[in-house]
Structure formats: C-alpha cells, structure tokens
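S.K.: Got a predicted model here, sequence first, then my questions.
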Amino acid sequence: MSFNRIVTPSLLRLARALTVTAVCLSVGLHWAALQSAAWVGMAVSYSIEKGSLTEGLSDTFDGEHPCPLCRAVEKGVDGEQESRKDQTPLKTVKEMKLTLAVAEVPHFVFPPSEPNRWSTSSSLASMRSQRPVTPPPEPSCA
C-alpha cells in the first residue's frame, strides 16, 4: 500500500488544523480570544445600558467593571502562570558576559598627492588642420 493512498487531503487538513490549534494553545492565544470576546460583549452591553458608545467603551476598558468572563480569563491566566512557576526549568541558562576589548587602530600616513590639473583645451583640437564649416549645415527634415 502506498503512502499517497493513506494520506488523503482531508487527513492533511485535519493534521494542519490540529497543529495550528496546538500552537495557539501553547502560546496562550485562547485567552486573548476569550478576552476579546468579553470586551466586545461588555462594550455592547455597557453602551446599551449607558445609552452612549463612548461611556460604554470607557466602562469596558477602565478595569473597574469586569464581567464574569473577564474574571474567568484572569483566573485562567494566573493559574497558568503559577503552574509554570512551579515547574523546574529544563536547562539552566548560563550567564553570558560581554567582554569588550579595545584595540589600537593603525594610522596610515600617505604623502599628499598633487591636485588634478584639468585643461580647458583639447590636444586633439590643436592638431586639427580643417576649419569648421561656416555657417553650420542645415538640419534635414526627414
């Protein structure tokens, strides 16, 4: 039986979805999604209660009016952080120190060069024996 027959497109999609879900859960993206949903719900409900969108948003983000979902997210995040503190680290990180060394930069002394001397006349022009056409030729209209 070949490998292509075992791995179907639907199985690949399922594997990708499970991988993305595992990564999202490992970085704590589920708490951000739940907090965002809580903020949207709070903004809507507080805006309806207060009658003003600005007052509803102010109450949503002031931190003094948390909803039950906000409290649950806060407890969940705190619980995850506590469990991570209890775990022993897999490797101890060695302290790295940066040692700066000052090296002397050599000084190169070059003799001053003569400035370039540019000529306003061409040596080829003086060797030319023919004089230019007077008057200049008319351009052709082709």
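M.R.: Perfect, thanks for sending it.
S.K.: Where does pLDDT dip in this structure?
M.R.: 1-5, 86-100, 119-128, 142 (pLDDT under 70).
S.K.: Any buried residues in the biggest helix by length in it, and which?
M.R.: Assignment by DSSP state H gives helix 29-50 as the longest helix of the chain. Neighbour-count burial for helix 29-50 flags 31, 34-35, 38-39, 42-43, 46-47 (criterion: 16 or more other CB atoms under 10 Å). C-beta: built from backbone N, CA, C; applies to glycine.
S.K.: Stretch 67-85 too?
M.R.: For stretch 67-85, by 16+ other CB under 10 Å, it's 70, 73.
S.K.: Okay, the spatially most central residue of the chain and residue 61: tell me how far apart.
M.R.: Taking CA atoms, centre = their mean, the centroid of the chain lies closest to residue 27, which sits 18.3 Å from it. Residue 27 sits 24 Å away from residue 61, going by CB to CB, to the nearest Å.
S.K.: Just the C-alpha atoms of stretch 131-142, please, in PDB.
M.R.: Taking C-alpha atoms only, stretch 131-142 is exported to PDB below (Å, rounded to 0.1, in the frame of the first residue of the first chain):
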ATOM      1  CA  ARG A 131      38.400  74.900 -40.100                       C
ATOM      2  CA  PRO A 132      34.700  74.300 -39.100                       C
ATOM      3  CA  VAL A 133      32.100  74.900 -41.800                       C
ATOM      4  CA  THR A 134      30.700  78.400 -41.700                       C
ATOM      5  CA  PRO A 135      27.700  78.600 -41.500                       C
ATOM      6  CA  PRO A 136      26.800  75.300 -39.900                       C
ATOM      7  CA  PRO A 137      24.800  72.900 -42.100                       C
ATOM      8  CA  GLU A 138      21.000  73.000 -42.000                       C
ATOM      9  CA  PRO A 139      19.300  70.000 -40.300                       C
ATOM     10  CA  SER A 140      17.400  67.800 -42.700                       C
ATOM     11  CA  CYS A 141      13.700  67.300 -42.200                       C
ATOM     12  CA  ALA A 142      13.200  63.600 -42.900                       C
END
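S.K.: How about residues contacting it?
M.R.: Outside stretch 131-142, not one residue touches it by CB atoms under 8 Å, 6 or more residues apart in numbering.
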